[in-house]
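Q: Kindly return the folded structure for what I paste below:
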Amino acid sequence: MKTLAILGGGAAGLAAAVSALRTSEGRVRTVIVERLPRVGKKLLSTGNGRCNFTNTDISVGHYHGDTRFAERVISHFGTEDAVRFFRSVGVPEYVEDGRVYPMSESAAGLLDALRAAASGAETVTDFKAAALVPPKTAGGTWRILSESGAAVTADAVIVAAGGRAAPSLGSDGSGIELLRGLGYEVTRLLPALVQLKVARPSVAALKGVRVRAEVNAFSGGNLIHSERGEVLFTEYGLSGIPIFQITAREECDTVTLDFCPDTGNGELLDELTERKDIFFTSSVEDFFAGMLQKRLGNLVLRAAGIEKLSRPVSSFDRGTLERIASALKRLEFRVSGRMGWENAQVTAGGVRAAQFDPVTMESRLHPRLYAAGELLDIHGDCGGYNLHWAWATGVAAGHAAAHTLEAAGK
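A: Got it, this is the predicted structure:
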């Protein structure tokens, strides 16, 4: 009996195992090789434990990196395919704002269902792969060697070991390095779907403040992306889904917050004039009462050049109100960097996907070597896109590898 080894027991690896088992109907021995004591640990943290496993709008515009390759893959495995796959393992779905969740709202439940569907596969855990050795002759066997000297041999290998994001959850970039060692080209790696560090020193005082705003990201003065939603201030900078979405794209050097995105400058100035009348006898520090959290309001006032917050609102002239309106529409922060790999949800960059076939996920350099999931140079936005990528590539690789080995074994 031919053996298929799947290096990595995360989302892509489990999907590959289920697909391989179903394709071969047990005629191909399937082995999952995992570096942690248990498979699927990273899955448990997805969607804040609710596991947003796909989206009703699976389109290439939500992917970054080699988008031509991504488009080919998702054209063969869309939303309906993901939903059908999970129903087949006993996980019905429900939809919330386009995001698709298991009906149980439980990542643990979805993982249990995947583990049950993949129960026909053998599992080797606590196996930290140190080398991937190709066959010496055509049709020979692959060897996966561990740091301790143990070995797993197989007729075909699917590398689904993840990227570098969240190493404590199982993905430390080792799969990328194994393929680099075999001569595969790797693009620049960056933490993505992660918080931004900003240089404005007063941000630390806003730790814990949440506000809905339009976030605009700039690089070299050019707007690269706009996103609306809730922004969270932290001791080091900015967090929240709009910030994560920005980090899925190219690096930015500046972000601005617009707290009144649906209000034009003229209309906003009129509203501030009315507000002056309402708070005419109050001190400046109360000017945003009921509109902005006080600490954030004070930051906006200082950005407008108002340092003495004990002065009366009655002292505001039109020029002052114009500066306040400008600060409300464009509160600027200089970006000093991104938070690191431990904070990131996904890896931007990876092994060049073009070195693999987008239908079968088989390598163009080594027969019977396949790749799936985050280790490729394709990643998605928040909203289920990265898990969908894992299912799509894992199912394709598992099916193709099992089909090839089954045919070779006859």
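
Q: use CA for all of it now, contacts and neighbours both
A: Noted.

Q: Quick check: Ser171 vs Arg35, distance?
A: Distance from Ser171 to Arg35, counting by Cα to Cα, to the nearest Å: 9 Å.

Q: More neighbours: which of the two?
A: Ser171 (26 against 21; other Cα atoms under 10 Å).

Q: Isn't the more buried one up against Ala160?
A: No: with contact defined as Cα atoms under 8 Å, Ser171 does not reach Ala160; the gap is 9.8 Å.

Q: I'd like to know which elements the host helix or strand of Val300 is packed against.
A: Assigning secondary structure by DSSP states H and E places Val300 in helix 294-303. Contacts defined by 3 or more Cα pairs under 8 Å, 6 or more residues apart in numbering; DSSP states H and E place helix 294-303 against helix 318-329.

Q: Sort out which residues of the helix it packs on are buried, please.
A: Of all the residues in helix 318-329, those buried under the rule 16 or more other Cα atoms under 10 Å are Leu321, Glu322, Arg323, Ile324, Ala325, Ser326, Ala327, Leu328, Lys329.

Q: got a list of contacts for it?
A: 257-261, 265, 268-269, 272-273, 300-301, 303-305 (Cα atoms under 8 Å, 6 or more residues apart in numbering).

Q: what's the angle from that helix to helix 294-303?
A: 130 degrees (axes from the mean of the first three to the mean of the last three Cα atoms, to 10 degrees).

Q: May I have helix 318-329 as CSV, with CA atoms only?
A: Provided in CSV are the C-alpha atoms of helix 318-329 (Å, rounded to 0.1, in the frame of the first residue of the first chain):
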residue,chain,number,x,y,z
ARG,A,318,-14.1,80.2,13.4
GLY,A,319,-10.5,79.4,12.7
THR,A,320,-10.3,77.2,15.9
LEU,A,321,-13.5,75.3,14.9
GLU,A,322,-12.0,74.8,11.4
ARG,A,323,-8.9,73.2,12.9
ILE,A,324,-11.1,71.0,15.2
ALA,A,325,-13.1,69.9,12.1
SER,A,326,-9.9,69.1,10.3
ALA,A,327,-8.6,67.0,13.2
LEU,A,328,-11.9,65.1,13.4
LYS,A,329,-11.7,64.3,9.7
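
Q: Next SSE downstream of that helix?
A: Criterion used, DSSP H and E; the element after helix 318-329 is strand 331-338.

Q: what are the pairing partners of that next one, and which direction each?
A: strand 196-198 (antiparallel), strand 254-258 (antiparallel) (DSSP bridges).

Q: got the CA positions of the following helix or strand past the last one in CSV?
A: On the C-terminal side of strand 254-258, the nearest following helix or strand under DSSP H and E is helix 265-278. C-alpha atoms of helix 265-278 as CSV (Å, rounded to 0.1, in the frame of the first residue of the first chain):
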residue,chain,number,x,y,z
ASN,A,265,-16.2,69.5,6.1
GLY,A,266,-18.8,72.2,5.7
GLU,A,267,-21.6,70.3,7.4
LEU,A,268,-19.2,69.3,10.2
LEU,A,269,-18.2,72.9,10.7
ASP,A,270,-21.9,73.9,11.1
GLU,A,271,-22.4,71.1,13.6
LEU,A,272,-19.3,72.3,15.6
THR,A,273,-20.7,75.8,15.6
GLU,A,274,-23.9,74.6,17.1
ARG,A,275,-21.9,72.6,19.6
LYS,A,276,-20.1,75.7,20.6
ASP,A,277,-23.4,77.3,21.5
ILE,A,278,-24.5,74.2,23.5
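
Q: name the element Val211 belongs to?
A: Per DSSP H and E: strand 210-219 holds Val211.

Q: Spell out which strands sit alongside that strand in the sheet and which way each one runs.
A: Sheet pairing for strand 210-219, using DSSP bridges, gives strand 222-233 (antiparallel), strand 254-258 (antiparallel).

Q: what residues does that strand touch?
A: Residues contacting strand 210-219 (Cα under 8 Å, 6+ apart): 223-233, 242-243, 246, 251-261, 292.

Q: hmm, back to that, winner for burial among the strands paired with strand 210-219?
A: strand 254-258 (a mean of 22; mean count of other Cα atoms under 10 Å).

Q: hang on, the earlier thing: pLDDT of the strand holding Val211, averaged?
A: For strand 210-219, mean pLDDT rounds to 97.

Q: Am I right that Val231 is in contact with Gln245?
A: No: contact criterion Cα under 8 Å: Val231 and Gln245 do not qualify, at 11.6 Å.

Q: would you put the C-alpha positions of the strand holding Val211 in CSV?
A: What follows is strand 210-219, C-alpha atoms only, in CSV (Å, rounded to 0.1, in the frame of the first residue of the first chain):
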residue,chain,number,x,y,z
ARG,A,210,-12.7,52.1,21.3
VAL,A,211,-14.1,54.3,18.5
ARG,A,212,-15.8,53.7,15.1
ALA,A,213,-14.0,55.5,12.4
GLU,A,214,-12.8,55.3,8.8
VAL,A,215,-9.1,54.4,8.7
ASN,A,216,-7.1,55.5,5.7
ALA,A,217,-3.6,54.1,5.2
PHE,A,218,-0.9,55.9,3.2
SER,A,219,2.5,55.0,1.8
